[in-house]
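>>> 3D model of this:
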Amino acid sequence: MLPRVGELVALRLPDGYWGACFVARRGKPNLGVEHLGEHVIVAALDWFGEKPPQPRDVAGRGVLHIDHEGYDLAAIFHVNEPTEAVVGKLAKRPRVGPAPWVAGWPRIAFLLDRQRAWNVDRAASAAAYEKQKVAWAEQHARDAARAAAERARRESSLTLAKLRRARSLPSWRGAMPAERLREARALLADLFDALEGATAKKKLAGLRACVLAFNEWNDVHGVIETAEREALHELLCTIARVAGLGDRGEAIDEWRDW
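Next up, the predicted model:
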């Protein structure tokens with residue numbers, strides 16, 4: 001369950017130290033955080049230690065300010081994750097303003113860890129962070145390469161004829177009225193017709209026309225939500241690659257308004 005107002009949460013940091021957070025108040029479904037549902041506003045205290053904090057350890061401490069690597073924000077968060085790390089309740093709590101962050105407990109621990117290292121040795125912390133960013137970028141590149149290779153393997157035997165025969169957008173089934181799904185598949189059938197035997201220029205024009213047609217269709221019916229958006233985008237990208245148009249994801253992003 002979510003921690004209650006006033007409760008102190010002990011947060012183990014990646015480097016082995018401990019940070020301290022407390023629940024300032026219950027969150028409200030304000031603009032920008034409606035998706036969180038029930039949540040609380042959590043503030044990190046300006047305290048770090050080698051052992052889990054107790055209320056007496058953090059008495060009189062103010063809210064931590066995060067200023068590592070260019071940040072300049074109070075450590076106040078919208079949190080909708082439960083925790084079992086409650087270690088007590090604060091009798092007196094510092095004043096807490098608006099929450100500029102939306103984060104789960106692991107993200108808060110990471111930010112506090114970076115701030116503690118920054119406070120101890122800014123130069124070393126900055127160097128370590130730059131090294132970590134390089135490692136993240138390299139891992140992202142490896143993941144992207146593996147994903148591209150797997151996608152190429154899956155698509156190596158695909159043809160436009162096979163894609164046409166497949167039941168397009170199976171994940172849309174049940175997410176909208178059957179009539180809407182039939183209409184969407186009809187728009188895709190028009191795209192396959194436009195691609196058949198066409199030049200590269202006409203294929204690209206057909207792809208664009210299909211995206212614009214989905215724009216108009218969704219303006220009327222408003223059925224494309226996040227999951228539907230991702231499925232349609234991936235399908236159109238796949239059709240473009242199989243049609244010999246290469247990666248047209250950015251072009252599709254420019255044309256679509258769903």
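>>> With the flanking residues excluded, which residue is spatially nearest to residue 68?
Residue nearest to residue 68 in three dimensions, not counting chain neighbours: residue 118, with 3.6 Å by C-beta to C-beta, 6 or more residues apart in numbering. (Each C-beta comes from the backbone N, C-alpha and C, glycine too.)
>>> counting contacts, what elements does the helix or strand that neighbour falls within pack onto?
Element membership for residue 118, per DSSP states H and E: helix 105-120. On a contact count with 3 or more C-beta pairs under 8 Å, 6 or more residues apart in numbering; DSSP states H and E, helix 105-120 meets strand 7-12, strand 18-26, strand 40-49, strand 76-79, helix 122-155.
>>> Which of those sits closest to residue 92?
Within the helices and strands packed on helix 105-120, the stretch nearest residue 92 is strand 18-26; the backing value is 10.6 Å (C-beta to C-beta).
>>> in stretch 114-129, what's buried?
Going by neighbour count (16 or more other C-beta atoms under 10 Å), the buried part of stretch 114-129 is 114, 115, 116, 117, 118, 125.
>>> Might one say that the first one is in contact with residue 67?
No: in terms of C-beta atoms under 8 Å, residue 114 does not count as a neighbour of residue 67; the distance is 10.4 Å.
>>> Okay, domains of the protein per the record?
Listed domain ranges for the chain are 7-120, 122-154, 160-255 (source: automatic domain parsing).
>>> Would you tell me which of the ones you listed gets closest to residue 1?
Going by C-beta to C-beta, the one of the domains of the chain nearest residue 1 is domain 7-120, 5.2 Å.
>>> pLDDT averaged over the closest one - what is it?
The pLDDT scores in domain 7-120 average 95.
>>> how distant is it from the center of its chain?
Taking C-alpha atoms, centre = their mean, to the nearest Å, one finds domain 7-120 lying 21 Å from the centre of the chain it belongs to.
>>> Over to stretch 5-25?
Offset of stretch 5-25 from its chain centre (C-alpha atoms, centre = their mean): 24 Å.
>>> residues touching the residue found closest to residue 96 once you drop the neighbours it is linked to in the chain, list them.
Once flanking residues are discounted, residue 96 sits nearest to residue 24: 3.9 Å by C-beta to C-beta, 6+ apart. Applying C-beta atoms under 8 Å, 6 or more residues apart in numbering to residue 24 gives the contacts 5, 40, 41, 42, 43, 76, 93, 96.
>>> Quick check: the farthest pair among the residues you listed?
The distance between the two most remote of the contacts of residue 24 (C-beta to C-beta) is 14.0 Å, for 5 and 76.
>>> Between these two, tell me which one has more neighbours.
Higher neighbour count among residue 5 and residue 76: residue 76, with 20 against 15, using other C-beta atoms under 10 Å.
>>> For residue 41, see how far away that one is.
Distance from residue 76 to residue 41, counting by C-beta to C-beta, to the nearest Å: 6 Å.
>>> which residues do those two both contact?
Residues touching both residue 76 and residue 41 by C-beta under 8 Å, 6+ apart: 24, 96, 99.
>>> Distance of the nearest residue to residue 169 once chain neighbours are set aside relative to residue 202?
Nearest in space to residue 169, with sequence neighbours left out and distances taken as C-beta to C-beta, 6+ apart, is residue 231 at 5.8 Å. Counting by C-beta to C-beta, the separation of residue 231 from residue 202 is 26 Å.
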